[in-house]
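> Give me coordinates for this.
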Amino acid sequence: MNYQVTIDLRVDDKKSLYYAARQSYMDEQGVHPGDIFGDENDVDVTACLVQLLDPSVLPGVTIYESSAEPY
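Okay, here's the model as predicted:
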């Protein structure tokens, strides 16, 4: 059976989000993320949110897609 999970949120501190996403990426991949999250002055919020909220692997679950969009 398929399920859709929705999380509605507000980003209060883009720089904190940016640094958390970079650290998460480095912990998972073991390499520097380059500019995939933008930079601290021009944060790619959607990329950061996907990095932090999509677990990639969830036991017993197939993740078909994840995305983040501003509204």
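> Determine the longest helix present in the protein.
helix 14-29 (DSSP state H).
> Distance from that one to the middle of the chain?
8 Å (Cα atoms, centre = their mean, to the nearest Å).
> please begin residue numbering at 691 from this point
Done: numbering now begins at 691, and the last item shifts to helix 704-719.
> Okay, buried residues for that helix please.
By 16 or more other Cβ atoms under 10 Å, the buried positions in helix 704-719 come out as Lys704, Leu707, Tyr708, Ala711, Arg712, Tyr715. The C-beta positions use only the backbone N, C-alpha and C, and glycine is treated the same way.
> ok, these vs Ser757, which is closest?
Ala711 (15.1 Å; Cβ to Cβ).
> That closest one reaches Thr736, doesn't it?
No. The criterion here is Cβ atoms under 8 Å, and Ala711 misses it with Thr736 at 10.5 Å.
> All set, thanks.
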